[in-house]
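Visitor: Build me a structure from this.
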Amino acid sequence: MSGHDPCQVVYDALEVHGCAPTGPIYKAKAKCPAHEDRSPSFALSEGDDRRALLHCFAGCEPRAIVAALGLSWADLFPDNHRHAGSRAKAPQPPAETGQPVVEVLAGLMAAGIPIHLTLDPRLFIADRCPGCDERRPGALWISHDPAGASHCASCRRPHGRVKLTCFNGCSFETILGALELLLTARERGTPQDVAEHIAEGVA
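Guide: All right, here's what the predicted structure looks like:
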């Protein structure tokens, strides 16, 4: 499936806003972003015309949910749909070479870790953290760090313009070191070798 995927856009926005979506993208449950929801009362599904269908069992209006997610009404519809005309252009990954964020994203993709765009062009989410090997949507967040350039004390590399957030608490150094081990192991050996190499590197 190519082009604008409304359910994927909504699912990613739910993750970014801490709504903890679960289940398949096209039939997911989550906490409703439009009210204080302590248990999943929001349902996301796909309509016959590929539009994203939003339903809050507590009664929140779809437009309130869309606004709470920072989306537009047009985001709920696929390309070429009559209601998609006013949709803003989807965010694109940064193309500049040599930037820390770009290098980290390229490394994650080379390691076979899926990366997802978000509505914020400065924020990306990955389905795996190399540091702790947590595997789930949103396991690792990659973003631009506005604090300015600094250097890693152990590797002496500048990384002030990229921020890595693992919700298990992995440090920047742990994540970057494990990613480098993963890339090296993938180049040199079998999947079993990869696992052993990672285990040795983070032990």
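Visitor: Report the beta-bridge partner residues of residue 29.
Guide: Residue 29 has these beta-bridge partners by DSSP bridges: residue 22, residue 43.
Visitor: Report how many residues lie close to it.
Guide: For residue 29, the neighbour count with other C-beta atoms under 10 Å is 18. (C-beta placed from N, C-alpha, C; glycine too.)
Visitor: And it, how far from residue 43?
Guide: Distance, residue 29 to residue 43, using C-beta to C-beta, to the nearest Å: 6 Å.
Visitor: Specify the residue ranges that define each domain of the protein.
Guide: Domain ranges of the chain: 6-76, 100-202, per automatic domain parsing.
Visitor: so what strands line up beside the strand ranked longest in the chain?
Guide: Counting by DSSP state E, the longest strand found in the chain is strand 135-144. Strand pairing for strand 135-144, determined by DSSP bridges: strand 123-128 (antiparallel), strand 162-166 (antiparallel).
Visitor: okay if I get those strands as CSV plus mean pLDDT, mean neighbour count and distance to residue 109?
Guide: Listed next are the strands paired with strand 135-144 as CSV, based on pLDDT from 0 to 100; neighbours: other C-beta atoms under 10 Å; distance: least, C-beta to C-beta, whole Å:
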stretch, mean pLDDT, mean neighbour count, distance to residue 109
strand 123-128, 86, 21, 9
strand 162-166, 87, 20, 15
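Visitor: And the ones you listed: which comes nearest residue 33?
Guide: strand 123-128 (16.2 Å; C-beta to C-beta).
Visitor: I would like the residues contacting the closest one, please.
Guide: Outside strand 123-128, the residues that touch it by C-beta atoms under 8 Å, 6 or more residues apart in numbering are 12, 15-16, 93, 101, 105, 108, 113-118, 134-143.
Visitor: Is residue 54 in a helix, a strand, or coil?
Guide: What DSSP: H, G, I helix; E, B strand; the rest coil gives for residue 54 is strand.
Visitor: count of residues packed around the nearest residue to it once chain neighbours are set aside?
Guide: In space, and not counting its chain neighbours, residue 54 is closest to residue 62: 4.7 Å by C-beta to C-beta, 6 or more residues apart in numbering. Around residue 62 there are 15 other residues, counting by other C-beta under 10 Å.
Visitor: Hmm, residue 44 and residue 62 touching each other?
Guide: No - between residue 62 and residue 44 there is no contact under C-beta atoms under 8 Å: 11.0 Å.
Visitor: Find residues that contact each of those two.
Guide: Common neighbours of residue 62 and residue 44 (C-beta under 8 Å, 6+ apart) are residue 54.
Visitor: Packing partners of the lengthiest helix in the chain?
Guide: In terms of residue count, the longest helix belonging to the chain (DSSP state H) is helix 172-188. On a contact count with 3 or more C-beta pairs under 8 Å, 6 or more residues apart in numbering; DSSP states H and E, helix 172-188 meets helix 100-110, strand 162-166, helix 191-202.
Visitor: ranking these by mean pLDDT, which is last?
Guide: Among the helices and strands packed on helix 172-188, helix 191-202 carries the lowest mean pLDDT, a mean of 41.
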